[in-house]
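Engineer: Got a predicted structure plus its sequence, pasted below:
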Amino acid sequence: MDLFIFYKITNDKIVQAILEKNNTELLRGIVNFAETEGVTADSLREYIATLLANDENVLSTLARGRKNIGDDLCKLAMLDIETIYNKLFNTKIKYTPSGNDTGYYDGYTKSIRRITAAESPEELLERLLIHYSELGNGLLSKYIAFRFDGELKGIENSDKVDFAEIVGMEHQKNVLIENTKAYLDGKFANNVLLFGDRGTGKSTSVKALLNMFAKDGLRVIELPKSAITKIPELTKQLEDSPHKYILFLDDLTFERHDTEYRALKIAMEGQLQANAGNVLVYATSNRRHLIRETWADRDGGEVHVNDNKQEMLSLAERFGISLFFPAPDAKQYIEIVRVLLERNGIEMTDEIKKEAVRWEMNYGGKSGRCAKQFVADFLHRE
């Protein structure tokens, strides 16, 4: 089978089994695919659709970067698709998957279903081009949340929290939403530092942004501090993707001897401008100034103490927006408990209020997280 654009698929074992009429190898491969990735009852056709959707070729590269695709390239792609449609796509095999959740992004599975249901070569190519331009291909098309520790990995069934779970913090939430919306619209947007007391909703806010804007192309990649030096490598991997990415650094603090903070400063340079690309940094920390400072740092050791101090403060200044998440006072803590109970159909009473106070005294102090944990325990006992 001679192909011009999608020629890499001829190296696939299932494609070879179809062409060689090796039904044993074909069924083995389809069973494995159907039970791990299958989302339709037409497993073989879906396999070919998935193979095409995730193929790395010149057409998919241009389409996901939303670049011009010339007439000659379209003609060659159409010739390939006609061949694939006639020799592979219409091959029949009867196997229906068990229907377990794949953990993939909803938009990806819907697109695979549309491609699988194509009723002509023209429709198949059209739906593939839509898939490339809206979702890209490969790993980055399948998930909305990722981890990067030198290797990018998708997170299945990412946390479905939303802003309703954070009681109060209205100003902080509004600033985050507006900055992220501007970013997705290709307008001026800033890197963001969310700092303040533990359990106040900093990390939850970033996850809520993902769930609010995933349909608009937002993706979040969580990085440990140790992976900061590899951010340039990661941004290179993301540059042709149709999505916008938040690099999420959770609970970030540096010691003075750490070198990663300089790498982060360099990675964030040039991000504070309109249309800065498709990467921003959102970080959470318990500290406003991310580099831990001692009294010795202020009093001496270096001849130019002020220069040293400015160096230590300069990282925080790379974040155009810094949002403070304070711990609630006693009244606010009880209000959070009341709202959470009300959402579960329970009215606050004096006795519940006393229990909530005892809980926070015994388990970590007043915070939104503590209130949520109390309500979870209370509901469990009801």
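Structural biologist: Received, thanks.
Engineer: residue ranges of the strands in the stretch 1-150 of the chain, please?
Structural biologist: Here the stretch 1-150 of the chain has its strands, by DSSP state E, counting those that start in this stretch, at 145-148.
Engineer: just so I have it, where are all the helices in it?
Structural biologist: Assigned by DSSP state H, counting those that start in this stretch, the stretch 1-150 of the chain shows helices spanning 13-19, 23-36, 43-53, 58-64, 71-84, 106-116, 121-135, 139-142.
Engineer: which residues are contacting the shortest one?
Structural biologist: Right, helix 139-142. With contacts defined as C-beta atoms under 8 Å, 6 or more residues apart in numbering, helix 139-142 is touched by 53-54, 104-105, 108, 131, 135, 146, 152, 154, 219, 238, 241, 243. (C-beta placed from N, C-alpha, C; glycine too.)
Engineer: got the buried residues for that helix?
Structural biologist: When burial is assessed from 16 or more other C-beta atoms under 10 Å, helix 139-142 yields the following buried residues: 140, 141, 142.
Engineer: Stretch 328-345 too?
Structural biologist: Buried residues in stretch 328-345, counted by 16+ other C-beta under 10 Å: 328, 332, 333, 334, 335, 336, 337, 338, 340, 341.
Engineer: quick one: contacts for the last one?
Structural biologist: Residue 341 is in contact with 347, 348, 352, 375, 378, counting by C-beta under 8 Å, 6+ apart.
Engineer: out of these, which are buried?
Structural biologist: Buried by 16+ other C-beta under 10 Å: 348, 352, 375, 378, out of the contacts of residue 341.
Engineer: With pLDDT and secondary structure added, can I get these in CSV?
Structural biologist: Below are the buried ones among the contacts of residue 341 laid out as CSV (pLDDT from 0 to 100; DSSP: H, G, I helix; E, B strand; the rest coil):
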residue, pLDDT, secondary structure
348, 90, coil
352, 90, helix
375, 87, helix
378, 86, helix
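Engineer: which of those residues lies closest to residue 180?
Structural biologist: Among those, residue 375 lies closest to residue 180 (C-beta to C-beta), at 28.1 Å.
Engineer: Just give the closest residue to that closest one, not the sequence neighbours.
Structural biologist: Ranked by C-beta to C-beta, 6 or more residues apart in numbering and with sequence neighbours excluded, the top spatial neighbour of residue 375 is residue 340, at 4.3 Å.
Engineer: repeat for residue 196
Structural biologist: Among residues not flanking residue 196 along the chain, residue 325 sits closest, at 3.5 Å (C-beta to C-beta, 6+ apart).
Engineer: Find me the pLDDT at the closest residue to residue 135 other than its chain neighbours, would you?
Structural biologist: Among residues not flanking residue 135 along the chain, residue 141 sits closest, at 4.0 Å (C-beta to C-beta, 6+ apart). The model reports residue 141 with a pLDDT of 97.
Engineer: same question, the one 5 residues further on
Structural biologist: We note a pLDDT of 97 for residue 146 in this prediction.
Engineer: for residue 157, same thing?
Structural biologist: At residue 157, pLDDT is 84.
Engineer: you'd agree it is in a helix?
Structural biologist: No: assessed with DSSP: H, G, I helix; E, B strand; the rest coil, residue 157 is coil; it does not lie in a helix.
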